[in-house]
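# Provide a 3D model corresponding to the input given below.
(3 chains)
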Amino acid sequence: MTQLLLFNITNGLIIGAFYVLMAIGLSLILNLSNVINFAHGGFLVVGGYIAYTLEPYLGFWGALIASPFLTAIIGLAVEKTLISRVYGRDPLYSLLLTFGLAFILEDGTRVIWGANGKPFTIPAALAQPLSNQFFFITSYRLFMVVVVVVTIVLLFMLLRYTRAGIRIRAGTLDLETVSALGVNVRALRSLNFAVGIFLAGLSGVLAGGQLGLEPTMGAGLLMPSFIAIIVGGVGSLTGTLVGGLLIGVASGVTAVFFPAASEAIMYVLMAAVLMVRPRGLFGEEGMLT
Amino acid sequence: MSKLFKPDSRRKLAALVAIWTALVLAPFWMPLLGGYTALGTRVLVLGLAAMSVNFLLGFTGVLSFGHAAWFGIGAYGCGMILKFVALSTPLGILAGTLAGGLAGAVLGALIVRRRGVYFAMVTIAFGQVFYYIAFQWSSVTGGDDGLRPFYRQPLHLGIATLDILNDATAFYYFVLVCFALASAAMAFILRSPFGRTMLAIRENERRARFLGIPIELHIWIAFTLSCFFMAYAGSLYALVNNFADPRGLHYSQSGDFVMMAVMGGMRSFWGPLLGAILFVVFQDYVSSVTINWQIFIGFLFVLVVLFFPRGILGAIRHRVAS
Amino acid sequence: MSLLQVKNVSKHFGSLIAVNNISMTVKPGELRAIIGPNGAGKTTFFNLITGFFRPTAGRIIFEGRDVTELSPARRVWCGMARTFQVTEVFPELTVRENLRIAVEVASGMRLRPWLSQIDDEKIRGRVRELIDMSGLAAKADRQVGELSHGDQRATEIMMALALNPRLLLLDEPTAGMGDQETYEITQLIRRLHKDGKLTIVLIEHDMRVVFHLADRIMVLDQGKFLAEGTPPEIAANKAVQTAYLGQAA
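The predicted structure is shown next:
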């Protein structure tokens, strides 16, 4: 019984780590620019497919590294041409815009790469299970967790120790003052968005290795990201981190007792948090409300 | 916006007469334009849904991006009555409306303290809860396949029987009457003192608060009312298709309704209906021409946001004013 | 018997002390002005009185009733109304519509689904009254957002008046106005004070307005109370002069 529980908690943490990667990118964009990036899932898909295209030339590792950067560049282009035009307007418009973008990205993927799923080959070394006892932990899944951990750590270090990072954090709290201090807010937002999309692209590559590639794979990952942010608290990256892990674990544990409800538990958790502590676990009162 | 304060303006009356004439005569002029009656019925219902979203969005200034949930609950509620309980169309509509409206009332109480982007996020997430339930609870809802079979039942009106099941024209007029009732109720509310407080909240929430309006309460009431209207539209939609679809609860459906309202003109009462007509026509055309119709819808969204944020009626009004 | 008693009220924002232990008593019928250099905490003080924030310490007593825990909307119902430094009105609605909403809410009709003919007439009448009082009759059916600064401010003041308050709080009513508009608003406020027997507290930077209207003046500096007294007393006060290189009219 405890073995099963352990299995599911660990499984949950692995899933949670993945949710965190997606959700943090979304959270970054939301916090600084007040934009809900519906197209985040679309960028995930694009990231995965770009890796697929690059793999024959650069191999798995090359594709893993190059694809997020390329995806981020596409994201940057989108931000500069489209999204920047709706900053400062009613949030309605950024929602509709990213919504439309999501459609374009998903269907665009279909047009370019076809509607059928594509396989994404991972190195044989990663496909082996680590041990016979814990057969569910393939090297690949562990590898995913490692990548996520490394990325998140790098990100937090970036935000804490680099000038741009500090400005992003300050901008999340008080963009007006940051602007008044002479910081180029437009460039900051673009950079922030690109970082967020980088994370989405990376998620796409990792997901592709795990599940194979499909044009619809992004949409299913958007909701858990939302929930992670709501549970963790809007405006707090730490909150998103905790939120993502929490819903991953909750999902894993529920799978032991009520397998059918393992997805529903995320929503239940969200409803519970909203009733008891509406600002989220780490959210600040007044953030984006 | 003065239309809500001076209902007796002559120009407004003429427009109203024109609109209703067109609606009443639709089964006759639609085939001339390549349309057909059932399409009109569908558009009417979707238009009502868009107007219900706009009740909240355009008139109260509250952005709910998960409103399709109430639409879907209304559809399932109506369908379930017809399938499991009683062969009565009016009962189906009543049940669907109550189910969606009450669910909205409960949920609204939870989220009404949030605003702006965060509020939108939560409405999306909660909307998805219901989508998820409709999908998973397949023993009751039919899961991915949707709820079927059930059929809209003929109406026995004492003196005559209206065969709305088989007679497309009769059904259209039935839906038109339902639409008329709902839109009249909506207009009535918007013209009332309460309706004016909704406008106040939209225009300037801080000033509304400092006039003594309890904002959260009023937003909750407006939210609940719009959920009732939405569920009512959903019930009608179930009747249109004789089918309830889980996809009707997905946030992309919500997005479509918001787009209809924006396209037609959020600040106008009839804007969303116009938006629904344009959207449905566009979507039907594009999906019949190419398999990648989603890209075109996506571009539509982008174009409207960037170039026509006021919508068609909004742009006209702006042109007239200046 | 005082109308408003503010007792030892403070407001901390983290380590920033915006309002530091200030007390104020206002008698019915008085016109009190609050002045002070920029950053003195005047608007924050107003925000505490009207319920925009909760004070970190202290209490606010209005007509003998402790309103410290009440929301802004409830304080309006108790009889307080305010205007803002940046005019807060309903920009896309006309002057008449703005006032109509204020009157309806003040008459307790905000939840009504419909109005009887009689009620409707009563409300229209009251709106007409307010429009005439303000001198905005010619512009009553234009969108407020398109009117001049001064007219927007006048509309806002009339909206506050529509609430039948016993205490009117005006935050820099002549901010950003030229001489003519300042004169008109000052006259309006004076009329309201005398005719309506209203108690008014206003924040002002324009010393001409202050010395023209005020019965008593309170001076704040850097969140702290500096001085209080009649206009001549304040004009002669050395500390005020140093803190606030202002000029008596």
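# where does residue 276 land on pLDDT?
Picked chain A for this. pLDDT for A:V276: 83.
# nope, chain B
If you check B:A276, the pLDDT there is 96.
# just B:G142 next, same as before
pLDDT, read off for B:G142, is 81.
# any idea how far B:R152 is from it?
Using C-beta to C-beta, to the nearest Å, B:G142 is found at 17 Å from B:R152. In this view, the C-beta of every residue, glycine as well, is placed from N, C-alpha and C.
# same question, C:G150
C:G150 sits 61 Å away from B:R152, going by C-beta to C-beta.
# between these two, who's got more neighbours?
Applying other C-beta atoms under 10 Å in any protein chain shown to C:G150 and B:R152 shows that B:R152 carries more neighbours, namely 24 against 21.
# isn't the more buried one right up against B:L165?
Yes. B:R152 lies in contact with B:L165 (C-beta atoms under 8 Å); the separation is 5.5 Å.
# A:I197 is in contact with A:F43, isn't it?
Yes. Contact status for A:I197 versus A:F43: in contact at 5.1 Å, counting by C-beta under 8 Å.
# quick check, the residue in the stretch 101-250 of chain A closest to chain B?
Going by C-beta to the nearest C-beta, chain B is nearest to A:F103 of the stretch 101-250 of chain A, at 3.2 Å.
# these two touch, right, that residue and B:V302?
No. Using C-beta under 8 Å as the test, A:F103 is too far from B:V302 to be in contact (9.2 Å).
# ok so B:L87 is a strand residue?
No. Counting by DSSP: H, G, I helix; E, B strand; the rest coil, B:L87 is not part of a strand but coil.
# that one: neighbour count?
With neighbours defined by other C-beta under 10 Å, the count for B:L87 comes to 14.
# do I have it right that it meets B:P154?
No. B:L87 lies out of contact with B:P154 (C-beta under 8 Å); the separation is 9.3 Å.
# give me the element the residue in chain C that chain A sits nearest to is part of.
Proximity of chain C to chain A (C-beta to the nearest C-beta) peaks at C:F53, 11.3 Å away. Using DSSP states H and E, C:F53 sits in no helix or strand.
# so who does C:H193 touch?
Shown in contact with C:H193 (C-beta atoms under 8 Å, 6 or more residues apart in numbering or on different chains): C:L31, C:I200, C:L213.
# show me where the stretch 51-200 of chain A has its helices.
For the stretch 51-200 of chain A, the helices defined by DSSP state H, counting those that start in this stretch cover A:91-113, A:124-127, A:139-161, A:163-173, A:175-180, A:185-211.
# shaky segments in chain B?
Across chain B, the ranges flagged by pLDDT under 70 are B:1-8, B:158, B:322.
# look through it and tell me its longest helix.
Under DSSP state H, the helix in chain B containing the largest number of residues is helix B:215-241.
# for the residue of the stretch 101-250 of chain A closest to chain B, give its distance to C:P55.
From A:F103 across to C:P55, the span is 50 Å (C-beta to C-beta).
# of the contacts of C:H193, which is the most crowded?
In those, the most neighbours by other C-beta under 10 Å go to C:I200, 24 neighbours.
# note down every partner strand of whichever helix or strand that one is part of and its orientation.
Assigned by DSSP H and E, C:I200 belongs to strand C:199-203. Strand C:199-203 sits in its sheet next to strand C:31-35 (parallel), strand C:167-171 (parallel), going by DSSP bridges.
# ok, B:F59 - contacts?
B:L190, B:G195, B:M198, B:L199, B:R202, B:A222.
# quick one on the thing from earlier: need the overlap of contacts for A:I197 and A:F43.
Listed as contacting both A:I197 and A:F43 by C-beta under 8 Å, 6+ apart are A:T71, A:I74, A:G75.
# okay, now the second one: neighbour count?
Spelled out, that is A:I74. Using other C-beta under 10 Å, A:I74 has 17 other residues around it.
# one more: the last one?
Other residues near A:G75 come to 29 when the count uses other C-beta under 10 Å.
# how close does it get to chain B?
Using C-beta to the nearest C-beta, to the nearest Å, A:G75 is found at 15 Å from chain B.
# quick one: low-confidence ranges for chain C?
Applying pLDDT under 70 to chain C picks out residues C:196, C:244-249.
# returning to that earlier point: who touches the residue of chain C closest to chain A in this structure?
Counting by C-beta under 8 Å, 6+ apart, C:F53 touches C:K11, C:T44, C:N47.
# Serialize the residues you listed to JSON lines and add fields for secondary structure.
Output for these, formatted as JSON lines (three-state DSSP):
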{"residue": "C:K11", "secondary structure": "strand"}
{"residue": "C:T44", "secondary structure": "helix"}
{"residue": "C:N47", "secondary structure": "helix"}
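# still on that earlier bit, the longest helix of chain B near chain C at all?
Yes. Against chain C, helix B:215-241 shows contacts by C-beta under 8 Å from any C-beta of the partner chain at B:I215, B:H218, B:I221.
# next helix or strand past that helix?
Toward the C-terminus, helix B:215-241 is succeeded by helix B:251-264 as the next helix or strand (DSSP H and E).
# and chain C, which residues reach chain B?
Counting by C-beta under 8 Å from any C-beta, the residues of chain C near chain B are C:50, C:71-74, C:76-77, C:81-82, C:84, C:88-94, C:96-97, C:100-102, C:104-106, C:109-115, C:141, C:156, C:159, C:163.
# shaky segments in chain A?
For chain A, the ranges with pLDDT under 70 are A:1, A:125, A:127-137, A:285-289.
# in it, what residue lies closest to chain B?
Using C-beta to the nearest C-beta, the closest approach of chain A to chain B is made by A:G100 at 2.6 Å.
# which ones are touching the residue nearest to that residue when sequence neighbours are not counted?
Once flanking residues are discounted, A:G100 sits nearest to B:F301: 2.6 Å by C-beta to C-beta, 6 or more residues apart in numbering or on different chains. Going by C-beta under 8 Å, 6+ apart, B:F301 touches A:L96, A:L97, A:F99, A:G100, A:L101, A:F103, B:G255, B:M259.
# count the residues that sit near the last one.
Applying other C-beta under 10 Å, we find 26 other residues in the vicinity of B:M259.
# quick one: it and B:G275 touch, right?
Yes. If you go by C-beta under 8 Å, B:M259 and B:G275 touch, sitting 7.2 Å apart.
# for C:L111, grab the count of nearby residues.
Neighbours of C:L111 under the rule other C-beta under 10 Å: 15.
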